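Chemist: sequence below, structure please.
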Amino acid sequence: MLPFTTEHLLLRPLEAADAPGMFALDSDPAVRRYLGGIGGPQAASPPDSLATIEYIRAQYTAHDIGRWAVLLRATGAFMGWAGLKLVAGPINGQRNFYDLGYRFLPRYWGQGYGYEAAQAWLAYGFDVLKLPRICAYADVQNAGSRRILEKIGLAPGNEFVENGTACVWYEAPNPVGRPPSRA
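Modeler: Residues are numbered from 1 along each chain as shown. I've put the predicted structure just below:
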């Protein structure tokens, strides 16, 4: 799994050195606002974040994919994570699907970085991994995340409840004849 870049971002596998950034991300109340029961437990300490990174790194070994660190190319600053992961489910009646997700520190919101990362991972999933479809879900009230998913081409589906949180399902099939990605 080799790192790759977009116009503004460096995407690479998470490392133990990312634990302080992950702790800042996962303990931020603004970040957790729309996660409810779908965001996992809140990090109580940096060692919790290191354990999360090790869990994600195990997904790299088991499934050759998982959430990756997102760094600002210009500075190398840790911004958050984005990527695909294989979800066994069931979630919304779905099993064994690839979920596109992203989470950024608030200082990077509203600048197009979430869209840029999500678009890059959609292209990676279809062009490199040749996945037949990519799915996602978001809190029904998370307008920003939902806007990104729709803007990259995932179609909204049904509403459902996951761990007490009302969510909207999204998915897109791998289009036939998709032009090669620049990501």
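
Chemist: would you map the strands across the protein?
Modeler: Assigned by DSSP state E, the strands in the chain fall at 4-5, 9-13, 67-72, 78-87, 97-104, 133-139, 155-162, 165-173.

Chemist: out of these, the one nearest Ala19 is which?
Modeler: strand 78-87 (9.9 Å; C-beta to C-beta). Placement of C-beta: from N, CA and C, glycine included.

Chemist: so for the closest one, what's the average pLDDT?
Modeler: For strand 78-87, the mean pLDDT works out to 97.

Chemist: and if you look at stretch 93-111?
Modeler: Stretch 93-111 comes out at a mean pLDDT of 97.

Chemist: that one: end-to-end distance?
Modeler: 34 Å (C-alpha to C-alpha, to the nearest Å).

Chemist: model confidence score at the spatially closest residue to Phe78 that is not a sequence neighbour, please.
Modeler: Nearest residue to Phe78, sequence neighbours excluded (C-beta to C-beta, 6 or more residues apart in numbering): Gly21, at 3.3 Å. Per-residue pLDDT puts Gly21 at 96.

Chemist: just checking, Ser145 touches Gly114?
Modeler: Yes - counting by C-beta atoms under 8 Å, Ser145 does reach Gly114; the two are 7.4 Å apart.

Chemist: so what's in contact with these two at the same time?
Modeler: Tyr102 (C-beta atoms under 8 Å, 6 or more residues apart in numbering).

Chemist: the more surrounded of those two?
Modeler: Gly114 (25 against 21; other C-beta atoms under 10 Å).

Chemist: contacting residues around the more buried one?
Modeler: 82, 102, 104, 108, 144-145, 148.

Chemist: would a markdown table of those residues with distance to Leu71 be doable?
Modeler: Formatted as a markdown table, the contacts of Gly114 follow (distance: C-beta to C-beta, whole Å):
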| residue | distance to Leu71 |
| --- | --- |
| Ala82 | 11 |
| Tyr102 | 13 |
| Phe104 | 11 |
| Tyr108 | 11 |
| Gly144 | 21 |
| Ser145 | 20 |
| Ile148 | 19 |
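
Chemist: nearest to Glu15, of the residues you listed?
Modeler: Looking across these and measuring by C-beta to C-beta, the closest to Glu15 is Ala82, at 15.3 Å.

Chemist: hang on, the earlier thing: only whichever of the contacts of Gly114 are buried, select them in PyMOL.
Modeler: In PyMOL, this line selects whichever of these come out buried by 16 or more other C-beta atoms under 10 Å:
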select buried, resi 82+102+104+108+145+148
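
Chemist: looking at the contacts of Gly114, which is nearest Trp121?
Modeler: Ala82 (5.8 Å).

Chemist: partner residues bridging that closest one?
Modeler: Beta-bridge partners of Ala82, counted by DSSP bridges, are Trp68, Tyr102.

Chemist: tally of neighbours for the residue nearest to Phe78?
Modeler: A count of nearby residues for Gly21, using other C-beta under 10 Å, gives 22.
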